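> The sequence isn't on hand, but the structure is:
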């Protein structure tokens, strides 16, 4: 049986999970758009309506039989990462800008979208077997490019958040000795480990890096005082701050802006080309920009769909 404290944390986490839905950029979620509903009356925008997108025969012809055979576009995603991919208030329906993008790509390819919730670190190893693609805010890295091919889809930075008022008076330039929460398998986890090693190299206390399966649990842990700092992509950090009634606040500025992408089976040139062309068409005809604007993240939009872009180590 859960303790009262654990139950309280779970309730906060559930509230975040249901309501996280915008971003840490300067854009504001659209109050109208493809959904045909007034999003301002809800805790997050309703999904953008992509049902009007027609199948592109040229793009559909590129989709390999291994994907097109069952008529589905199966996308693996970790659905606690608002505003990219999270679950609606019904507790089961995936929503977010990556969900809308997945649906739009499926429409272009003449396939039925199928979003499959999975733990973040299990998605890439399952692309080509369980999933046709991984669309879950994946930062493109050289290491990941060895396992899968990528098509660029978004730009994001990273940011820290602490409890309102920064009670421990922490500085983002010196987190030595503090407890930092990250999501398992993310770039922030690697970044926090690196910062910790820099601390010990300087003769300071190491950072106590605590890994959570869910981003929402890391944010909740800061609010309940279990850890000192929450470290995530800037749009996730910013919206966690907003949706907790400003009971969290950002520590320092956004940093390390990186490119994110759609992960595809390594060496599947047909599927990579189909995805790249579908993505570029959505960019060119304005649909992609409308989806990003609808979710308040247009400042993170890319203007070109690139395959395996050159990235730093």
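The structure has been received and is ready for your questions. Since the model is a prediction, treat every value here as computed from it, not as a measurement.

> next SSE after the longest strand anywhere in the chain?
Ordering each strand of the chain by length in residues (DSSP state E) puts strand 248-265 first. Using DSSP states H and E, the helix or strand that follows strand 248-265 in sequence is helix 269-284.

> in the stretch 101-250 of the chain, what spans have low per-residue confidence?
Counting by pLDDT under 70, the stretch 101-250 of the chain has low-confidence residues at 242.

> What ranges does it have for its strands?
In the stretch 101-250 of the chain, the strands defined using DSSP state E, counting those that start in this stretch lie at 112-117, 133-139, 148-163, 179-183, 208-212, 229-233, 248-265.

> Deepest-packed of these, please.
Comparing the strands of the stretch 101-250 of the chain by mean neighbour count (mean count of other C-beta atoms under 10 Å), strand 229-233 ranks first with a mean of 28. C-beta: built from backbone N, CA, C; applies to glycine.

> got a list of contacts for that strand?
Strand 229-233 has contacts (C-beta atoms under 8 Å, 6 or more residues apart in numbering) with 24, 81, 137, 156-162, 170, 175, 178-183, 186, 188, 191-192, 215, 218-219, 221-222, 237, 240, 248, 251.

> May I have the strands that pair with it, each with its orientation?
Using DSSP bridges, strand 229-233 pairs in its sheet with strand 148-163 (antiparallel), strand 179-183 (parallel).

> The closest residue to residue 215 other than its chain neighbours and residue 288, how far apart?
Leaving aside its sequence neighbours, residue 215 sits nearest to residue 183 (C-beta to C-beta, 6 or more residues apart in numbering; 4.9 Å). Shown here: residue 183 relative to residue 288, a distance of 26 Å by C-beta to C-beta, to the nearest Å.

> Kindly state the beta-bridge partners for the closest residue to residue 218 other than its chain neighbours.
Nearest residue to residue 218, sequence neighbours excluded (C-beta to C-beta, 6+ apart): residue 181, at 3.6 Å. Beta bridges link residue 181 to residue 210, residue 230, judged by DSSP bridges.

> just checking, residue 181 touches residue 220?
No. Applying C-beta atoms under 8 Å as the test, residue 181 and residue 220 come out as separate, 9.1 Å apart.

> I'm done for today, thanks for sticking with me.
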